[in-house]
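Colleague: Below: sequence and its predicted model.
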Amino acid sequence: MPFSPALADELRAVLSTVVAIPVTPFTEAGDIDWPAHRRVLGRMVDAGIGVLTPNGNTGEFYALAPREAAQVVEAAAGLTELVVGVGLDTGTAIEAGRHAREHGARMVMVHQPVNPYVSRAGWIGYHQEIAAALPELGLVLYVRNPRIDGEWLRRLGELCPNIVGVKYAVPDPVRFATVARDAGLERFAWIAGLAELYAPAYWAMGATGFTSGLVNVTGPLALRMLGALREGQSAEVLRLWELAHPFEELRAADGSADNVSVVKEALAQLGLAAPHVRPTSGRPSAAARESVTAVLARWRENGLL
């Protein structure tokens, strides 16, 4: 059955929001901590988050075994709209996409290819093969490579009507604005893929949603920023950005070495999940942990916890 323009419009609208990237909590023994996982997901949904991305980078996608990744999807099924992270080789991505569809997902996010050798034709072919094998699902592209320009995306959009969104995670708002317009500003839902730190700049250039890992800790901050962006309340956007900035800078430091572990440290300090991560992540420094404590105190003072 062809992917209908009406469904594409509906899914683009769904993506115009906070797209939460949940963590995957682990026990001290290294297994997935399912009770903590339920707590974290439930807390986000109860706060009003309407889109979850199981198996995103903040969920340590590349550290999960295939069966674990499948179980993460199963645990999130039915909670709210899912955009399930899939990737690696095309066969693995397609299999994961079919599993996601069987558990109620209408969309998948295709992680950036990990092969270091990426040609234009090869990149387009990779996504085209996945899109063709999952014709009933909407696809969101995860773009982190600045070489991928608007013409690559425009061509892929012509070939694959079920590609509905782009999570753009290149830290350059001017580049984003150019790519989005060359690809088609209305053709895709444009998601600021570098979370609250870049959301205001990307919003000004045409994004209508943004990803968030911080939302594992505070749903209200992300949702209030979304509301302020929609309403054009620049002073409130700046106030919320200033509250998010210290936390997001901790995550971004040293090439994002502690991107996940800072979120898990905050959850641990709140008593919601243990701080354990899997290689190649590691525990934040003592100084970073103290900074997390200070950030949480400020969020609490501002009614965000």
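Modeller: Great, that's in hand.
Colleague: In which helix or strand does Val83 reside?
Modeller: Under the criterion of DSSP states H and E, Val83 resides in strand 81-86.
Colleague: ok, now Ala253?
Modeller: helix 234-256.
Colleague: quick one: that helix to chain centroid distance?
Modeller: Averaging C-alpha positions (Cα atoms, centre = their mean, to the nearest Å) puts helix 234-256 16 Å from its chain's average.
Colleague: Restricting to C-alpha, output it in CSV.
Modeller: The C-alpha trace of helix 234-256 is given here as CSV (Å, rounded to 0.1, in the frame of the first residue of the first chain):
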residue,chain,number,x,y,z
SER,A,234,12.1,35.2,23.2
ALA,A,235,12.8,36.3,26.7
GLU,A,236,11.3,33.1,28.1
VAL,A,237,13.3,31.0,25.6
LEU,A,238,16.5,32.7,26.7
ARG,A,239,15.6,32.2,30.4
LEU,A,240,15.0,28.5,29.8
TRP,A,241,18.1,28.1,27.6
GLU,A,242,20.2,29.6,30.5
LEU,A,243,18.7,27.0,32.8
ALA,A,244,19.5,24.2,30.4
HIS,A,245,22.9,25.4,29.3
PRO,A,246,25.1,24.3,32.2
PHE,A,247,23.7,20.7,32.1
GLU,A,248,24.0,20.5,28.3
GLU,A,249,27.6,21.9,28.4
LEU,A,250,28.5,19.1,30.8
ARG,A,251,27.1,16.6,28.3
ALA,A,252,28.9,18.2,25.4
ALA,A,253,32.3,18.5,27.0
ASP,A,254,35.3,16.6,25.7
GLY,A,255,33.6,15.6,22.5
SER,A,256,30.4,14.6,24.3
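Colleague: Heading C-terminal from that helix, find the next helix or strand.
Modeller: According to DSSP H and E, the helix or strand after helix 234-256 is helix 259-269.
Colleague: Counting by contacts, list what that next one packs against.
Modeller: helix 234-256, helix 286-301 (3 or more Cβ pairs under 8 Å, 6 or more residues apart in numbering; DSSP states H and E). Backbone N, C-alpha and C define where each C-beta goes, glycine included.
Colleague: Please repeat the previous calculation with a cut-off of 10 Å.
Modeller: helix 34-47, helix 234-256, helix 286-301 (3 or more Cβ pairs under 10 Å, 6 or more residues apart in numbering; DSSP states H and E).
Colleague: Just the angle for that helix relative to helix 234-256, thanks.
Modeller: Helix 259-269 runs at 110 degrees relative to helix 234-256, counting by axes from the mean of the first three to the mean of the last three Cα atoms, to 10 degrees.
Colleague: quick one, which of the helices and strands packed on helix 259-269 is nearest to Phe3?
Modeller: helix 34-47 (27.3 Å; Cβ to Cβ).
Colleague: same for the closest one, what does it pack against?
Modeller: Against helix 34-47 (3+ Cβ pairs under 10 Å, 6+ apart) you get strand 18-20, strand 51-52, helix 66-76, helix 219-231, helix 259-269.
Colleague: Report the buried residues of that helix.
Modeller: Ala36, His37, Arg39, Val40, Leu41, Arg43, Met44, Val45, Ala47 (16 or more other Cβ atoms under 10 Å).
Colleague: Pipe those into TSV and attach pLDDT and distance to Gly78 per row.
Modeller: Putting the buried residues of helix 34-47 into TSV (pLDDT from 0 to 100; distance: Cβ to Cβ, whole Å) gives the following:
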residue	pLDDT	distance to Gly78
Ala36	98	19
His37	98	14
Arg39	98	17
Val40	98	16
Leu41	98	11
Arg43	97	16
Met44	98	14
Val45	98	10
Ala47	97	18
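Colleague: what residues does the strand or helix carrying Arg12 touch?
Modeller: Element membership for Arg12, per DSSP H and E: helix 5-14. Identification of contacts with helix 5-14 by Cβ atoms under 10 Å, 6 or more residues apart in numbering yields 3-4, 50-51, 81, 83, 106-107, 136-140, 161-165, 186-190, 208-209.
Colleague: I figured Leu137 hits Glu102, correct?
Modeller: No: contact criterion Cβ atoms under 10 Å: Leu137 and Glu102 do not qualify, at 11.1 Å.
Colleague: which residues does Gln269 contact?
Modeller: Gln269 touches Val217, Pro275, Arg289, Val292, Thr293, Val295, Leu296, counting by Cβ under 10 Å, 6+ apart.
Colleague: Identify the farthest-apart pair in those residues.
Modeller: Top of the distance list for these (Cβ to Cβ): Pro275 and Val295, 15.0 Å.
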